[in-house]
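Student: Give the three-dimensional model of this entry:
(chains A and B)
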Amino acid sequence: MNESERKLLSGDEAVALAAREAGVALGAGYPGTPSTEILESFSELGGHAQWSPNEKVALEVAIGAAFGGARAIATMKHVGLNVASDPLFTAAYTGVSGALIVVSADDPGMASSQNEQDNRRYAVAAALPMLEPSDSQEAYDFFFAAIDISERWKTPVLLRMTTRVCHSYTVVQPGAARGPAPAPNFQRDIKSRVMIPAYARAAHRKLRQKLSEMQAWNESCPLNRVVRGSQMLGIITSGVSFVHAREAAPEASVLKLGFTHPLPMKLIADFAKSVVRCVVVEEGDPYLVDAIRAAGIQVESKADMYRFGELDVTRVRRILDYDLSPEPPKPAGRPPQLCDACQYRVVFEALRKKDCIVAGDIGCYTLGVLQPFEAIDSCVCMGASLGVGLGLRHVLPAEQAKRVVSVIGDSTFVHSGISGLIEMVYNPPPSGHVLIILDNSTTAMTGHQEHPGTGRKLNHEPTGKLVIEDLVRAMGVRRVYVMEPHAGSDEFARLLTECLECNDLSVIIARRPCILIAKQLKQYEQQRCECDAAPTPAAP
Amino acid sequence: MSKVTNVIVAGLGGQGVLKGTDILAEVALRAGYDVKKSEIKGMSQRGGSVTGDVRFGDEVFSPMVPAAQADYLLVLEPTQVEPNRHWLRPGGRLITPDAVDAGALPHKRTLNVALLGALSAHLPMSEDQWLASLRAGFDESFFEGNKQAFLIGRAGQKTS
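Tutor: Okay, the predicted model is just below:
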């Protein structure tokens, strides 16, 4: 082995490296743990990467690139794919001209998410081929395989990763250089790309035909492999569960599935027949086991208690040992908290003091739910603070309704709060409503990414800037306040009281850069000023 | 399966836990081992508990150290010792800030590197390999301070 070429890469970095080497022309996404580093690394490697306002737009941009014959990638966390599911399902019908890889980074165990949905279900629901790497080497290798599959069958491919694959660093041996990607070029193909019912009916049949071809190909696909061991115990597995299973039961025979939709049922049946006991070891939902059993193949499933949280070596051993005894609780560490010097502490103190009913959202500020504030009453999904707050205002008795506020961060507001704000203006509750936008000039929770409101691109270069207060005013909200929260000042508390009492629609933009990157932001701002000072081209 | 060495580094967000695992994984890679490093990011930045796992040997499967199988547990913050003690195997070695004289460190932020120095005294990688990883892992201007912290930690273990 050439030692100089071995690299220690995270799964995310391995995908980025492969995307760069494969000549991916465009990467689009929205930050979300554990997917964020894919586009950041891709950009650092010189790739064209951009943050979109949300995952739906990101996927649409990537679809457009792939319609134009380019190789494109869209990255997001598992719940992001919910947002992007609308274009996803129909992109399966249209197919692509270039290549389109959709990365779904799932978070079993919820290290940093609001649910642990298993997005392998999306491959079935949308009828897309799906690959599941187990480590960084496979993340790298499978990316090229995904490109090949995408181009061969003219279909988007779902590259499904999980937290431990995205964020574990394992050794990668990069492969030989590949030829250049096909040059983008628009070829008109109306019947494939315009999904009016007449064309979509034919497209659905074509999609099912592709799937059945892919399934036949998958029966002998090198992305699946058998580790031959004892005939007494066979394990069918995929993703990170494979490495746990190899360690937990080194003597077992293992069928390691890499191409997990559509499943190679003949390969699976032959493997199951070759062993005395056959157990399906998978993290999360019983996706593999349900499909395998539905095909009439007899296999064992894990007990339901192992559906919750991540798997690890110990848990796989317990599954194989039929161990249903309660698992020892993990000793509690210190939970995360709002930073000591966070400017939004005064906001949550005020909300607490006024006994507000707070419809919260997704971001650092969700930590306002913990002590000493306990000042968040709901957190559902990105952007939900608006709709949930308004629904509460509409139905609650007057005394409670007037205490309801919605709290959202700047990046989340741009992601999916804007539609909620339109709802507020269009269907105002009788008691009015108060929206608080915590604008810290960054996407802090995921590690300080840019967004349209910062006026900087993914690589921090200046670009067009969405001015939140201008947008809010343009929507017809009259009471718009921009203020700077400071510890020891009662300005926010006074403003909140005024807004709560006015029975009108108000928006408070509490703006102050995140203290963790204040210095960096100043540097970016300076660059922006220098850029603004440069002469701009005249309008045509 | 051949012997795999399991190390857990624990502390609080912002203490350099993950930087510590970076350096350790890098030195294992340089020494020619198979190596895997696992970490949970995201909320860790907000001052919560953070742990990172590093495993190296001829062939490593899972990236996560299994329960009670850590050969070494490095803890950067005294309050995090008890919540993490369960990782240690019987006979495993606990390394805490007590292992170094904090007053002798060039900067308190170099504690993570000093504890790596203490760990290094028990591992087969050479001092040169460690220093090369330190040099590669930080901005050049931090190298001298980190080298000093590393050597303080390493010397403390050898004499004790």
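
Student: How about the residues of chain B by chain A?
Tutor: Contact residues, chain B versus chain A (Cβ under 8 Å from any Cβ of the partner chain): B:1, B:12-13, B:25-26, B:29, B:32, B:34-49, B:51, B:60-64, B:66-67, B:79-80, B:82-84, B:86. Yep, even glycine has a C-beta here, placed from its N, CA and C like the rest.

Student: Among those, which lie within strands?
Tutor: In this view, these that belong to strands under DSSP state E are B:L12, B:D34, B:V35, B:K36, B:K37, B:S38, B:E39, B:S49, B:T51.

Student: picking that back up, only the buried subset of the residues of chain B next to chain A, as a ChimeraX command please.
Tutor: Typed into ChimeraX, the line below selects the buried ones among the residues of chain B next to chain A, using 16 or more other Cβ atoms under 10 Å in any protein chain shown:
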select /B:12,13,25,26,29,34,35,36,37,38,39,40,41,42,43,44,45,46,47,48,49,51,60,61,62,63,64,66,67,80,83,84
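
Student: Just read off the phi/psi values of the closest residue to chain B within the stretch 51-200 of chain A.
Tutor: Minimum separation of the stretch 51-200 of chain A from chain B (Cβ to the nearest Cβ) falls at A:S112, amounting to 2.9 Å. Dihedral angles of A:S112 (phi, psi; degrees, to the nearest 10) stand at phi -160, psi 50.

Student: hang on, the earlier thing: which two of the ones in strands among the residues of chain B next to chain A have the greatest separation?
Tutor: B:L12 and B:D34 (29.9 Å; Cβ to Cβ).

Student: Okay, and the beta partners of B:V4?
Tutor: B:V4 has these beta-bridge partners by DSSP bridges: B:G57.

Student: Report the separation between it and B:P63.
Tutor: The gap separating B:V4 from B:P63 is 11 Å, by Cβ to Cβ, to the nearest Å.

Student: Determine the residues that are contacts of both of those two.
Tutor: Counting by Cβ atoms under 8 Å, 6 or more residues apart in numbering or on different chains, the common neighbours of B:V4 and B:P63 are B:R55.

Student: quick one on the thing from earlier: mind putting the ones in strands among the residues of chain B next to chain A into TSV with pLDDT?
Tutor: Formatted as TSV, those follow (pLDDT from 0 to 100):
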residue	pLDDT
B:L12	88
B:D34	97
B:V35	98
B:K36	98
B:K37	97
B:S38	94
B:E39	85
B:S49	84
B:T51	89
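
Student: out of these, who's nearest chain A?
Tutor: B:S49 (2.8 Å).

Student: At which residues are the helices of the stretch 351-500 of chain A located?
Tutor: Remark: helices assigned in the stretch 351-500 of chain A by DSSP state H, counting those that start in this stretch are A:384-395, A:398-401, A:410-412, A:418-426, A:468-474, A:491-501.

Student: ok, and the closest non-adjacent residue to A:P174?
Tutor: Counting by Cβ to Cβ, 6 or more residues apart in numbering or on different chains, A:E5 is the residue found nearest to A:P174 once chain neighbours are left out, at 6.2 Å.

Student: from the middle of its chain, how far away would the lowest-mean-pLDDT helix or strand in chain B be?
Tutor: Every helix and strand of chain B was ranked by mean pLDDT, DSSP states H and E. The lowest is helix B:143-159, at a mean of 90. With Cα atoms, centre = their mean, to the nearest Å as the basis, helix B:143-159 stands 13 Å off its chain's centre.

Student: Run through who's touching it.
Tutor: Identification of contacts with helix B:143-159 by Cβ under 8 Å, 6+ apart yields B:99-101, B:104-107, B:110-111, B:113-122, B:127, B:130-131, B:134-135, B:138.

Student: Can you check which helix is longest in chain A?
Tutor: Using DSSP state H, we find that the single longest helix of chain A is helix A:197-218.

Student: Not counting that helix itself, show me its contacts.
Tutor: A:90, A:92-95, A:127, A:129, A:149, A:153-155, A:190-192, A:195, A:224, A:259, A:262-265, A:267.

Student: Are any of the residues you listed buried, and if so which?
Tutor: A:92-95, A:127, A:129, A:149, A:153-155, A:192, A:195, A:224, A:259, A:262-265, A:267.

Student: Out of these, list just those in strands.
Tutor: A:F259.

Student: Now narrow the buried ones among the contacts of helix A:197-218 to whatever sits close to chain B.
Tutor: Within the buried ones among the contacts of helix A:197-218, nothing lies near chain B by Cβ under 8 Å from any Cβ.

Student: what about the chain, any weak spots by pLDDT?
Tutor: No chain was given, so I picked chain A. For chain A, the stretches flagged by pLDDT under 70 are A:1-4, A:530-540.

Student: meant chain B actually
Tutor: Checking chain B against pLDDT under 70 turns up B:1-2, B:41-46, B:158-160.

Student: would a markdown table of the ones in strands among the residues of chain B next to chain A with distance to A:G27 be doable?
Tutor: Below are these laid out as a markdown table (distance: Cβ to Cβ, whole Å):
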| residue | distance to A:G27 |
| --- | --- |
| B:L12 | 33 |
| B:D34 | 30 |
| B:V35 | 28 |
| B:K36 | 26 |
| B:K37 | 25 |
| B:S38 | 25 |
| B:E39 | 23 |
| B:S49 | 33 |
| B:T51 | 31 |
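
Student: circling back to that earlier point, can you list which of the contacts of helix B:143-159 are found in helices?
Tutor: If you go by DSSP H, the contacts of helix B:143-159 have B:111, B:113-120, B:127, B:130-131, B:134-135 in helices.

Student: Only the buried subset of those residues, as a ChimeraX command please.
Tutor: Buried residues within the ones in helices among the contacts of helix B:143-159, by 16+ other Cβ under 10 Å, are selected in ChimeraX with:
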select /B:111,113,114,115,116,117,118,119,120,130,131,134
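
Student: Distance to A:D118 added to the ones in helices among the contacts of helix B:143-159, as CSV?
Tutor: CSV is the format used below for these (distance: Cβ to Cβ, whole Å):
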residue, distance to A:D118
B:L111, 40
B:V113, 40
B:A114, 43
B:L115, 38
B:L116, 38
B:G117, 43
B:A118, 42
B:L119, 38
B:S120, 41
B:E127, 47
B:W130, 41
B:L131, 45
B:L134, 41
B:R135, 43
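
Student: Now flag whichever of the ones in helices among the contacts of helix B:143-159 is closest to A:K354.
Tutor: Of all the ones in helices among the contacts of helix B:143-159, A:K354 sits closest to B:L111, with 42.2 Å by Cβ to Cβ.

Student: so the closest one makes contact with B:V75?
Tutor: No. Using Cβ atoms under 8 Å as the test, B:L111 is too far from B:V75 to be in contact (10.6 Å).

Student: Please name the nearest non-neighbouring residue to A:S113.
Tutor: Among residues not flanking A:S113 along the chain, A:D107 sits closest, at 4.1 Å (Cβ to Cβ, 6+ apart).

Student: same deal with A:Q520?
Tutor: Once flanking residues are discounted, A:Q520 sits nearest to A:H448: 7.9 Å by Cβ to Cβ, 6+ apart.

Student: likewise B:Q15?
Tutor: Using Cβ to Cβ, 6+ apart, the closest residue to B:Q15 is B:L76 (4.7 Å).

Student: what's the spacing between the one you found and A:V165?
Tutor: In terms of Cβ to Cβ, B:L76 sits 27 Å off from A:V165.
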